[in-house]
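Trainee: below are the sequence and a predicted model for it; my questions follow.
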Amino acid sequence: MKLRLTYTPENVGEPILSKLILAKGLEVNIIEARISGDRGTMIVDVPLRGDEVQGVVEFLRERGVRVESIAPLIELDEGECIYCGACVSPCPVQAIRMEGWRGIRIDQDRCIRCMICVNACPMRAIRAV
Ligand code: SF4
Ligand code: SF4
């Protein structure tokens, strides 16, 4: 599950994610982190079963972190896509593939939101969400 975490000036200096990892025994993959002065956002991928989600969200919210579920990370506008394939080979994790002559599939679980495909697309048919 991919989550967007937003830190406030009150908690941005605390190692809240480290405490979560230790407390819950989770493997957390940080996909994106932007810390600027007194604020910060992170996108993390946490392998959670359905019954674990609430505990993790509560742990973070109790410490003042805003938690939002995000899916998908990347969106394709099929009306703009011309199926040229220019986004496929640059993807570093093989998250995009062509399906037949008129099909592009994005595997959101593989995507690391690097934005390479967004910049590679001549039609601006892919965007980060
Ligand atoms: S954002 Fe990066 S990882 Fe995700 S599909 Fe595009 S190129 Fe691949
Ligand atoms: S690069 Fe853009 S137009 Fe070309 S296949 Fe990918 S999404 Fe479609």
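Mentor: Right, received. Where do you want to start? Ligands and ions are numbered 1, 2, ... in the order given.
Trainee: can you give me the domain boundaries for this structure?
Mentor: Listed by automatic domain parsing, the domain ranges of the chain are 2-69, 74-129.
Trainee: near ligand 1 at all, the first one?
Mentor: Spelled out, it's domain 2-69. No: using C-beta under 6 Å from any ligand atom, domain 2-69 stays clear of ligand 1, coming no nearer than 9.4 Å. Placement of C-beta: from N, CA and C, glycine included.
Trainee: now the last one
Mentor: Yes: part of domain 74-129 sits close enough to ligand 1 to count as contact by C-beta under 6 Å from any ligand atom, namely 74, 91, 93, 95-96, 106, 111-117.
Trainee: what about that domain, start to end distance?
Mentor: End-to-end distance for domain 74-129: 6 Å, by C-alpha to C-alpha, to the nearest Å.
Trainee: go on, the longest one?
Mentor: Distance between the boundary residues of domain 2-69 (C-alpha to C-alpha) amounts to 6 Å.
Trainee: these two touch, right, Pro9 and Ser36?
Mentor: No: using C-beta atoms under 8 Å, Pro9 makes no contact with Ser36, being 11.2 Å away.
Trainee: higher neighbour count, those two?
Mentor: The residue with more neighbours, out of Pro9 and Ser36, is Pro9; 11 against 8, by other C-beta atoms under 10 Å.
Trainee: secondary structure class of the more buried one, three-state.
Mentor: coil (DSSP: H, G, I helix; E, B strand; the rest coil).
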